[in-house]
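1. sequence plus the predicted model coming up.
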Amino acid sequence: MAYCRRCGAPISDGATTCPSCGAYQNNTPYVEDNGGFGWGLLGCCIPVVGLVLFLVWKDQKPRTAKAAGIGALVSVIIGILWYLLVAIVGVGAALL
């Protein structure tokens, strides 16, 4: 015997809808997609991993993929700004 994914009521194994709440029951496993901060932080610390996770999860876990992708993008932007700042300070110091 299976249970409803929405209300938890017992339903038959092959049921497509719950008799109690009417929720559609698909037989695919439930995938949690909360777009957690941790995935964004991982993408920010290791941008290549964030990009790979974004590309792998963009269809199955769109919120989590977006968090990892934004983390990677933020890291790349911070890196570019850092290199520009170092170049400007270096040129300014050389002119003095």
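-> Great, that's in hand. Numbers count the residues shown, from 1 in each chain.
2. got the contact list for the residue nearest in space to the middle of the chain?
-> In the chain, the residue lying closest to the centroid (C-alpha atoms, centre = their mean) is residue 64, at 1.6 Å. Applying C-beta atoms under 8 Å, 6 or more residues apart in numbering, we find residue 64 in contact with 33-36, 39, 53, 57. Where C-beta positions appear, they are placed from N, C-alpha and C, glycine not excepted.
3. wait, is it part of a strand?
-> No. Judged by DSSP: H, G, I helix; E, B strand; the rest coil, residue 64 forms no part of a strand; its state is helix.
4. for residue 23, see how far away it is.
-> For residue 64, the distance to residue 23 equals 23 Å [C-beta to C-beta, to the nearest Å].
5. same check, this time on residue 34
-> Counting by C-beta to C-beta - residue 34 and residue 23 are separated by 20 Å.
6. which one of these two is surrounded by more residues?
-> Taking other C-beta atoms under 10 Å, residue 34 and residue 23 do not tie; residue 23 has more neighbours (14 against 11).
7. which strands and helices sit next to the helix or strand of the chain with the lowest mean pLDDT?
-> Within the chain, no helix or strand scores below strand 2-3, which has a mean of 82 by mean pLDDT, DSSP states H and E. Strand 2-3 sits against strand 10-11, with contacts defined as 3 or more C-beta pairs under 8 Å, 6 or more residues apart in numbering; DSSP states H and E.
8. ok now the strand it packs on, how far from the chain's centre?
-> Averaging C-alpha positions (C-alpha atoms, centre = their mean, to the nearest Å) puts strand 10-11 32 Å from its chain's average.
9. contacts for the very next helix or strand once past that strand?
-> Helices and strands here follow DSSP states H and E; after strand 10-11, the next one along the chain is helix 37-45. With contacts defined as C-beta under 8 Å, 6+ apart, helix 37-45 is touched by 49-51, 53-54, 64, 67-72, 74-75.
10. among those, which are in helices?
-> 49-51, 53-54, 64, 67-72, 74-75 (DSSP state H).
11. if we can go back for a sec, neighbouring strands for the least confident helix or strand of the chain, and are they parallel or not?
-> strand 10-11 (antiparallel) (DSSP bridges).
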